[in-house]
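Novice: Below is the sequence, then the predicted model.
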Amino acid sequence: MNDKPEKFIDENGLRLDGRQINEIRPMTIKIGVLSRADGSCYLEWGNNKVLVAVYGPRELHPRRLQKSDSALIRYRYNMAAFSVEERVRPGPSRRSIEISKVSREAFEPVVMTQLYPGAVIDVFAEVLQADAGTRTAAINAASIALADAGIPMKGLVAACAVGKVDDKLVLDLNKPEDNYGQADLPIAMTQDGDITLVQMDGDLSQEEFKQAVEMCKEGCRQILEIQKEALKNKFADDTAVNIPDDIDEVTYVEAIVEFDIEEDEYPEEDDISGESEDEDEDTGSLDEEGEPEDIEEEFIDIVEEAADEEEITEGSDIREQ
Amino acid sequence: MEREIVLPGQLLSENKTDSGPGTYVKDGKVYSLLYGIKNTRNKIAVIPFSGKYIPSGKDFVIGTVIEVTPSNWIFDIGSPYDGLLHVSEYPKRVESDRMPGIMDVGDSALLRVKDVNPSMKVELSMRERGLKPLKVGRIIEVVPARVPRVIGHGGSMVSMLKKETGCEIFVGQNGRIWINGNDSDLDHLTEAIEMIMQQSHTTGLTERVCQFLRNEKDVADAEESIDAEEDLAEEEEAEDEDESEIAEDTYRKVDALLDETDE
Amino acid sequence: MKRRLLREVISVSNEVVSVLKRDYIYNLMLKGKRIDGRSFDQVRDIDVQTNVIDKAEGSAWVRLGDTEVLVGIKLQVGTPFPDSPGEGVIITSMELNPIASPDFEAGPPRENAIEMARVTDRGIRESGAIDLSKLCITEGEEVWMIFIDVHVLNNSGNIQDASSLGTIAALLTTTIPAERAGKGDDMAMPVTDIPLSVTVVDIGGSLMVDPGLDEETVCDTKITIVSNQDGSISGMQKSGDGALTEEQLLKAVEMSCAKATELREAYLADISN
């Protein structure tokens, strides 16, 4: 793989794949592709193929992970073993764990987690074929899968990267640009332009960085339009497009702005096996029931930790393919 | 009336007082929180295409027992939060060690949400007419957000379904629908409900579903002579006059509840 | 004090089986029917797309009803096992990714995933479907290692048969990348047979092929039979906590082999790299 091109941009200002420097690769989106998931999205972006499923909000085990005032978001970025030239060993790597973390944090500001205390929203991103920019591809798909799952969000999140090749900034790196470029700056942002993910490696001057952010912003804006179009068109080939005028009957959702948590005082409840009908003595022994489960859960954690350590000893990060 | 597919973050109004369910206010403007359909009656609301059932007080639900503790049946109610039915909320007095004999893991029941506390502990009740453990019938699962379509305004859809199929129907707000009747009627009803789900965003649905059921019935009538004996036997087993009367009462309450949220 | 935990009750699957649903499936069975309207010997709709992953040397995306698996084949040069110095190596892995079901958790493969991977592996290996001697580069030193990775995308029942179908379809489309590795000319994977598994479940004494999710959850026993082009059997696995009579077992084999012949003809006959 030492096939570094001599030039990344030709005399006409075109890149190796024929794109302009500020042009993103073609993106296609399919929504609701998995029957078991609550929301899902299959996205192809250039030669990237990613599949994202959202499960939740759902019950979170073990209970010690639960947040009493909001839902936890879990994000798992995972590469299929056959998604890159050299087979990747299944299971989490240091690279995938890091990407999962920053990707999760890219969604924290927009997902209304406070509506689901104690629950978890799981986002599973599977990279089926990798070709530079998988983390941003996964975020773009995850954004749609979350919407498809009916998760309340302040807005969609779009992501893309800017890099530098031949001393020029280019939008949405392709594989050779990613492998041999001088810089890589993936950014995720909300529709308001708030940046929820930023990573960078390589070498950029401050002036270049400013320009790069602007380019990224423009890229994200374009992606946002593609995402919106895909969501609006989900029902397009359905006979159900014409939206009814006879649903006077429903506004069934909880009013979210009106949702306020009352600080009621509920007594801590013990497991009393009496038969009192008194509410305050009610025997909701949820905490106790956690015990036997926790044992199993902990065991799993240990196994997973062991797997992690193995990865660490294996050493170096795998370059993004 | 204006109907439009909207997305999370989409601007819906410049006027914050328009903010209804499924929306949020930022800098005095109203935005959508959900992917769904905009509904502009009085306030602007967004009805999502999908989403989990989040329990709230007075909801009717259908649950399946996942655990029996010394004093509670714990129900999966198709929600991130399990529901607790305390033994005292069962209509009759039950000794702790006899609880699994009444309802064991895997058994389903018609229930009502008694209370949900801020940490989302869900208390259920069965102390109401029409609520009961289920021994017969089938449970169909649908997207909870589309439950109101199955009920229809003022219960119009559900009444029509009952009338045309002769089946008992209990629609849980958690997206589970219990149906009971003879097998071929249940099959038709199941198809009709699937049809409602698939076409939930279209107009004139009640009429079309009605037409569909009548057509099915014609076909079934032709075949009836073959199945008649079988069906009769089952009907005797399943039908209980008292039950259906109670169920009617329950639907009225569901409707009433929907009318409330309709405003 | 009686404490009934979900996990004790549901040893085979994480699903809580609703009693009503179980009864419904049983009652249908008594009438010779299935929950999705199929006959006992009918499989769900199948779609096989091959060469879907450019980065893999062979690949197949299989849809079996709503069940979806993606199988990718990668080849690497490695050292042979000491007891078979002149033969290539097959390594089959399956991950029950949490993307595929609310019941799957992240983490290393558990017993179900390992069992299914091994059954898939045995089907290929024991049938001799791959001529492993052709995968030898230098005896005792270098051979081709075939990595079969089964990526489960959506579990709507019977992952096993989807995997088996996907694996052989992917192998049939595989090119050994010898040039890239500097080991001579590229060549097609030496596939000499087309083993295929068909799983049969026992529900209340009746046998049915290709269980859907609900059927798989309520069934007493599952039996997977791998058969070859000539009708011979090269692998078998019984799972689930029920038992089969000898008569049932023989009938299951018959049903399975007949179905495999049919599926091979319909979905694998035209596939090649």
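Specialist: On my side now, so go ahead.

Novice: Each with direction, which strands does the host helix or strand of residue C:73 pair with?
Specialist: Using DSSP states H and E, residue C:73 falls within strand C:67-78. Paired strands of strand C:67-78, with direction, are strand C:58-64 (antiparallel), strand C:142-154 (antiparallel) (DSSP bridges).

Novice: Name the residues of it that are buried.
Specialist: Going by neighbour count (16 or more other C-beta atoms under 10 Å in any protein chain shown), the buried part of strand C:67-78 is C:67-75, C:77-78. Placement of C-beta: from N, CA and C, glycine included.

Novice: One more: stretch C:202-216?
Specialist: Applying 16+ other C-beta under 10 Å to stretch C:202-216 flags C:202-203, C:207-216 as buried.

Novice: tell me the contacts of residue A:103?
Specialist: By C-beta atoms under 8 Å, 6 or more residues apart in numbering or on different chains, the contact set of residue A:103 is A:75, A:77, A:123, A:125, A:135, A:138-139, A:142, A:188, A:197.

Novice: Of those, which belong to helices?
Specialist: A:135, A:138-139, A:142 (DSSP state H).

Novice: closest point of the stretch 101-250 of chain A to chain C, which residue?
Specialist: Chain C sits closest to residue A:124 of the stretch 101-250 of chain A, with a gap of 4.0 Å, by C-beta to the nearest C-beta.

Novice: count of neighbours near that residue?
Specialist: 27 (other C-beta atoms under 10 Å in any protein chain shown).

Novice: so what's it up against?
Specialist: Residue A:124 touches A:52-55, A:76, A:78, C:97-99, counting by C-beta under 8 Å, 6+ apart.

Novice: Turn those residues into CSV, columns for neighbour count and secondary structure.
Specialist: Output for those, formatted as CSV (neighbours: other C-beta atoms under 10 Å in any protein chain shown; DSSP: H, G, I helix; E, B strand; the rest coil):
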residue, neighbour count, secondary structure
A:52, 32, strand
A:53, 32, strand
A:54, 28, strand
A:55, 24, strand
A:76, 23, strand
A:78, 25, strand
C:97, 24, coil
C:98, 21, helix
C:99, 29, helix
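
Novice: Save the residues you listed as a markdown table, and put in distance to chain B and pLDDT too.
Specialist: Below are the contacts of residue A:124 laid out as a markdown table (distance: C-beta to the nearest C-beta, whole Å; pLDDT from 0 to 100):
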| residue | distance to chain B | pLDDT |
| --- | --- | --- |
| A:52 | 15 | 98 |
| A:53 | 13 | 98 |
| A:54 | 10 | 98 |
| A:55 | 10 | 97 |
| A:76 | 18 | 97 |
| A:78 | 23 | 97 |
| C:97 | 21 | 91 |
| C:98 | 16 | 95 |
| C:99 | 17 | 96 |
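
Novice: got the residues you listed as CSV, with distance to residue A:28 columns?
Specialist: What follows is the contacts of residue A:124, written out as CSV (distance: C-beta to C-beta, whole Å):
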residue, distance to residue A:28
A:52, 14
A:53, 18
A:54, 19
A:55, 24
A:76, 23
A:78, 21
C:97, 22
C:98, 25
C:99, 19
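
Novice: Go ahead and produce CSV holding the CA coordinates of stretch B:113-132.
Specialist: Provided in CSV are the C-alpha atoms of stretch B:113-132 (Å, rounded to 0.1, in the frame of the first residue of the first chain):
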residue,chain,number,x,y,z
VAL,B,113,-51.4,2.7,34.7
LYS,B,114,-52.1,3.9,38.2
ASP,B,115,-49.2,6.2,38.7
VAL,B,116,-45.8,7.0,37.3
ASN,B,117,-43.4,8.7,39.6
PRO,B,118,-40.6,11.1,38.5
SER,B,119,-38.0,8.4,38.4
MET,B,120,-40.3,6.5,36.1
LYS,B,121,-41.5,3.8,38.5
VAL,B,122,-44.7,2.6,36.9
GLU,B,123,-47.5,1.3,39.1
LEU,B,124,-50.2,-0.7,37.5
SER,B,125,-53.7,-1.6,38.6
MET,B,126,-56.2,-4.3,37.7
ARG,B,127,-58.9,-3.1,40.1
GLU,B,128,-61.2,-1.8,37.4
ARG,B,129,-64.0,-3.4,35.4
GLY,B,130,-62.7,-5.0,32.2
LEU,B,131,-59.2,-5.4,33.4
LYS,B,132,-58.1,-9.0,33.7
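
Novice: Right, I'll leave it there.
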